[in-house]
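let me see the structure of the following:
(chains A and B)
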2 protein chains.
Amino acid sequence: MKKIVIIGGVAAGAKSASKIKRLLPDSKVSIYTDDTHVSYSSCGLPYYIQGNFDDYRTLLVRSVDEFEQMGIDVHLKLPVVKILPKQKEILVSNDTTADLVSYDKLIIATGARPVIPNIKGINDFENVYTLRNIEDGIKIRTQMERSQNVVIIGGGYIGIELLEAFVKNGKHTVMVENNRQIMHNLDDEMSDILRQRLESVENKNFEIYTGERVEEITGKNHLAQKLKTSIGREIDCDMIVVCAGVRPNIEIARDAGIEIGETGAIKVNKLMQTSVEDIFACGDCAQKTHMVSGKPVWIPLGSTANKEGRCAAMNAAGIYNEFEGVLGSMVTRCLNTTVAMTGLTQKTASEIGFNPITTIVKKDDKVAFMPNSGTITLKVIADKITGLLLGAQAVGSVGADKRINTVASALLGHLTVNEFGNNDLTYSPPYSPTIDPLLNAMQILCTKTARNC
Amino acid sequence: MKKIVIIGGVAAGAKSASKIKRLLPDSKVSIYTDDTHVSYSSCGLPYYIQGNFDDYRTLLVRSVDEFEQMGIDVHLKLPVVKILPKQKEILVSNDTTADLVSYDKLIIATGARPVIPNIKGINDFENVYTLRNIEDGIKIRTQMERSQNVVIIGGGYIGIELLEAFVKNGKHTVMVENNRQIMHNLDDEMSDILRQRLESVENKNFEIYTGERVEEITGKNHLAQKLKTSIGREIDCDMIVVCAGVRPNIEIARDAGIEIGETGAIKVNKLMQTSVEDIFACGDCAQKTHMVSGKPVWIPLGSTANKEGRCAAMNAAGIYNEFEGVLGSMVTRCLNTTVAMTGLTQKTASEIGFNPITTIVKKDDKVAFMPNSGTITLKVIADKITGLLLGAQAVGSVGADKRINTVASALLGHLTVNEFGNNDLTYSPPYSPTIDPLLNAMQILCTKTARNC
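Now for the predicted structure:
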């Protein structure tokens, strides 16, 4: 009987476990994780905290019981502390047990963990949180309910999603981001537009401070009460959530001699194979290939984890399957503003050696006479010489994500801006203007290409 | 001074006029139309009738005054009755005037007109309408306000958009469609799903009868009061709107010796040139090329008209520009259900000679725990041998149109279902499930291809 061992069980791990069990019903499939739950939507945690639903179990995609019924063993709170590739075993160990478990195929899906910035006092208080797993979500929601003043350190995805959650719960919220702008993976003009939209919210009960660093957290009785920033600002708080990014959990892989890529994540090929035979990696711990640039990247997202988990399972089961890579597509929401992007930013396109041309258009998201029409600001990036579409970013109403997915397919098909300019996008007044903002942008970009198409 | 004459001024005509005036500021640009308005959103008429806004002038994109300020002459209610290509003149004539007008370049944008089915009594009553221009919209809205029982003959786009308008205004509405199902340009299962969604609306105040023909309209004092259908059903009414499709206005072109295509619309090449020198055609009167099948089609839509108007103007101005064609993309809405499609249906794919494989998936449009999540039924069509994506149809919540635009770009890029299966679509719980319905569908289709990718 083939023994498949999977380390980690949130997105990539859970997906690969169920996929491989379907492909090889006679195999023994085991998940080992230090987590208290498997197979849950960690992307849904901000919405649990916001109160869109009250039972955290709503986040579970599959329960442990369901895995057991499928014939998959799940070992919770049982960390894998060592991989021993030569003997094809892993060492699992917690406070009460230690065991060697043998495998025929090993899938590493250890995910990522929050970065803890170097701030004086950050580890000293009970009301300073990070958000990664279900326990974190429960703790943050509970503490939020008895807090009035919340501070978020970091203005990336999770930061702005939590800003929405806290503000919608009536909590006075302060966000401190040490980069020049929140969501700084966008090009500067676009993150500035996001900031402007957020700052113009009516009756706003939050402040965003950028370009300043939290230097110290102070408090008493194990409770943080105050932060001091690099410009001497003092901020009172009842709780702090640190959203300063994540890093991949690669230590046990590295210690086992598995190659780590230049991004710091585990290097894998298109079959999700690591450098060591019979060991696969997928999800947030694995490096990805950017399909536009061809370069290695590390963009940890749940949707990618799912696809990689599926691909790793197929190859581990002996069914050839390639995962080509990612486009860097993402979407998030903060207080009725949608932020989405795909492909390369102008910054990254320049760094890689493209000669990017760009345009920014601000347009109605549907025909302006329709109820609830909003606006979208769209930035599109293309290569000057070839006209090849390289990426797009959108900030605006809910229709922003639609435009970005439309560009994602175009990137996959290597379309030029000229080809895209004739795209037959659906039109009806409740859905878009006669000329979609995407087509406007492409037509403008056409005039900036070397061929002036 | 170059003389540009444009026949028709709604979408293609208005667009080509303003574009050419920008390109050739010194030219004399004139629009002749039998309409009472130019440059308006005819697709917005159902929403004017519904009452989304009260002033019909909201529909105007550009007023006659604005055209005049741009230096474009607009001649309303002045039909062109003859084109004289040899002398490069047109004959315009109404009750009070007749004139020969010379041109250097002529752009025909005469649009389309409603089909009047052969029904006894259809031309005999004042309260029987078709919906094409602003006058029609005003009349229908006025009559609706004093009616209780409305009948719609025909269940295409305009029919179902008016169904929404009348039902939302509290009018008891009956739709009669002689085909087996409403929206019969979709594949059968998809139009059936649309029908089921509409029939399950709570407290519904409408009936849809399909597979039966209206045979006779009767009434008195010039007012229709009753319809009789082919199965002997009698329906009382205070007004009737005939939505039985449209046909292209090609008569003056044909009479001038301009070639008509096999679809019955004016034949044009990629530059929007007709068979006669210096005469272009664009918009609803012109034939199009389907970019998936390569075949001539006639799919009259405002978004296409706009692009064709732009292309005709550029070439008439001497700037080379190609319009490649259409994908058959469309979207419409009826009572919270979105219907959208792009590319070929299974029916048309089979007729053309593809060996289509298909799948239908019904999925959540976003993660189910989010407020206002809905479902989408998606049909995807691909070629069995090559795996090439051929088309998609969606019926469901508002996110349906997003999926279809994502497929439109993929059709333009000639993606296979295998390539699309790895598409990096944006993901976040308020926007889509972890695995988007599109990716589900593509992964299923992969297993049905000849290569079993």
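
how about the contacts made by the nearest residue to residue A:354 once chain neighbours are set aside?
Excluding the flanking residues, the one nearest residue A:354 by CB to CB, 6 or more residues apart in numbering or on different chains is residue A:383, at 4.9 Å. For every residue, glycine as well, the C-beta is placed using N, CA and C. Residue A:383 sits next to A:349, A:354-357, A:390 when contact means CB atoms under 8 Å, 6 or more residues apart in numbering or on different chains.

from chain B, how far out is the closest residue to residue A:94 other than its chain neighbours?
Of all residues not flanking residue A:94 in the chain, residue A:78 sits nearest, at 5.5 Å (CB to CB, 6+ apart). Separation of residue A:78 from chain B (CB to the nearest CB, to the nearest Å): 25 Å.

in which helix or strand would I find residue A:78?
Take DSSP states H and E as the rule and residue A:78 turns out to sit in neither a helix nor a strand.

hmm, it is touching residue A:97, no?
Yes - judged on CB atoms under 8 Å, residue A:78 makes contact with residue A:97 at a distance of 7.3 Å.

the two: which is more packed in?
residue A:78 (20 against 9; other CB atoms under 10 Å in any protein chain shown).

and the residue of chain A nearest chain B?
Closest residue of chain A to chain B, CB to the nearest CB: residue A:413 (1.5 Å).

dump the residue contacts of the closest residue to that residue other than its chain neighbours.
Distance criterion CB to CB, 6+ apart; nearest residue to residue A:413, sequence neighbours excluded, is residue B:413 at 1.5 Å. Contacts of residue B:413 were listed using CB under 8 Å, 6+ apart, and they are A:409-410, A:412-415.

ok, of those, which come out buried?
If you count burial by 16 or more other CB atoms under 10 Å in any protein chain shown, the buried members of these come out as A:409-410, A:412-413, A:415.

out of the residues you listed, list just those in helices.
Using DSSP state H, the members of the buried ones among the contacts of residue B:413 that fall in helices are A:409-410, A:412.

give me phi/psi at the residue most central in space within chain A?
Nearest to the mean C-alpha position of chain A, counting by CA atoms, centre = their mean, stands residue A:301 at 3.6 Å. Main-chain torsions, residue A:301, degrees, to the nearest 10: phi -140, psi 150.

then residue A:216?
The phi/psi pair for residue A:216 (degrees, to the nearest 10) is phi -150, psi 140.

and residue A:283, by the same measure?
phi 80, psi -160.

contacting residues for the closest residue to it other than its chain neighbours?
With sequence-adjacent residues excluded and distances taken as CB to CB, 6+ apart, residue A:283 is closest to residue A:12, at 2.7 Å. Residues in contact with residue A:12, defined by CB under 8 Å, 6+ apart, are A:107, A:109, A:111, A:282-284, A:286, A:305-306, A:308-309, A:312.

just residue A:332 next, same as before
A:157, A:160-161, A:338-340, B:428.

ok, for residue A:328, nearest residue in space, not its chain neighbours?
In space, residue A:328 is closest to residue A:299, 5.5 Å off (CB to CB, 6+ apart).

and if you look at residue A:106?
Using CB to CB, 6+ apart, the nearest residue to residue A:106 is residue A:279, at 4.7 Å.

okay, the one you found: pLDDT?
What the model reports as pLDDT for residue A:279 is 98.

can you count the residues close to it?
26.

kindly report the same for the one 4 residues further on.
One way to gauge burial is a neighbour count; for residue A:283, by other CB under 10 Å, it gives 34.

wait, it touches residue A:6, no?
No - with contact defined as CB under 8 Å, residue A:283 and residue A:6 do not form a contacting pair (10.4 Å).

can you select the buried ones among the contacts of residue A:383 for me in PyMOL?
Applying 16+ other CB under 10 Å to these, the buried members can be selected in PyMOL as follows:
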select buried, chain A and resi 349+354+356+357+390
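
redo the contacts of residue A:383 as a markdown table? Include distance to residue B:39 and pLDDT.
A markdown table is the format used below for the contacts of residue A:383 (distance: CB to CB, whole Å; pLDDT from 0 to 100):
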| residue | distance to residue B:39 | pLDDT |
| --- | --- | --- |
| A:349 | 38 | 97 |
| A:354 | 39 | 95 |
| A:355 | 38 | 95 |
| A:356 | 36 | 97 |
| A:357 | 31 | 98 |
| A:390 | 35 | 98 |
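
so which of the contacts of residue A:383 sit within strands?
Of the positions in those, A:356-357, A:390 sit in strands, assigned by DSSP state E.

quick one, what contacts residue A:229?
So, once contact is read as CB under 8 Å, 6+ apart, residue A:229 ends up touching A:176, A:209, A:212-215, A:235.

what pLDDT does residue A:67 get?
pLDDT, residue A:67: 97.

sorry, slip of the keys, the one I care about is residue A:105.
According to the model, residue A:105 scores 98 on pLDDT.

thought it was touching residue A:2?
Yes - the pair residue A:105 and residue A:2 qualifies as a contact (CB under 8 Å) at a distance of 7.3 Å.

would you say residue A:450 is within a strand?
No - assigned with DSSP: H, G, I helix; E, B strand; the rest coil, residue A:450 falls outside any strand and is coil.

any idea how far residue A:379 is from it?
20 Å (CB to CB, to the nearest Å).

which of the two has more neighbours?
The residue with more neighbours, out of residue A:450 and residue A:379, is residue A:379; 22 against 12, by other CB under 10 Å.

now do the contacts for the more buried one.
Residue A:379 touches A:187, A:189-190, A:346, A:358-360, A:392-394, A:441, counting by CB under 8 Å, 6+ apart.

could you redo the last one with a cut-off of 7 Å?
Residues counted as contacts of residue A:379 (CB atoms under 7 Å, 6 or more residues apart in numbering or on different chains) are A:187, A:189-190, A:358, A:360, A:392-393.

show me the contacts of residue A:332 that map onto strands.
Per DSSP E, the subset of these in strands is A:338-340.

ok, and which of the residues you listed reach chain B?
Of the residues in the ones in strands among the contacts of residue A:332, proximity to chain B by CB under 7 Å from any CB of the partner chain holds for residue A:340.

now the helices for the stretch 301-450 of chain A?
A:302-316, A:346-352, A:400-412, A:417-421, A:437-446 (DSSP state H, counting those that start in this stretch).

is stretch A:420-439 up against chain B anywhere?
Yes - Stretch A:420-439 lies within reach of chain B by CB under 7 Å from any CB, at A:422-431, A:434-435.

need the max-distance pair from those residues.
A:422 and A:430 (23.6 Å; CB to CB).

these two touch, right, residue A:48 and residue A:55?
No - using CB atoms under 7 Å, residue A:48 is not in contact with residue A:55, being 8.7 Å away.

where are the low-confidence patches of chain A?
Residue ranges of chain A with pLDDT under 70: A:452-453.

go again using 80 as the cut-off
Scanning chain A for pLDDT under 80 picks out the ranges A:451-453.

tell me how far residue A:5 lies from residue B:312.
65 Å.

among the two, which residue is more densely surrounded?
residue B:312 (33 against 27).

Serialize the ones in strands among the contacts of residue A:383 to a markdown table and add fields for distance to chain B.
Listed next are the ones in strands among the contacts of residue A:383 as a markdown table, based on distance: CB to the nearest CB, whole Å:
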| residue | distance to chain B |
| --- | --- |
| A:356 | 20 |
| A:357 | 19 |
| A:390 | 14 |
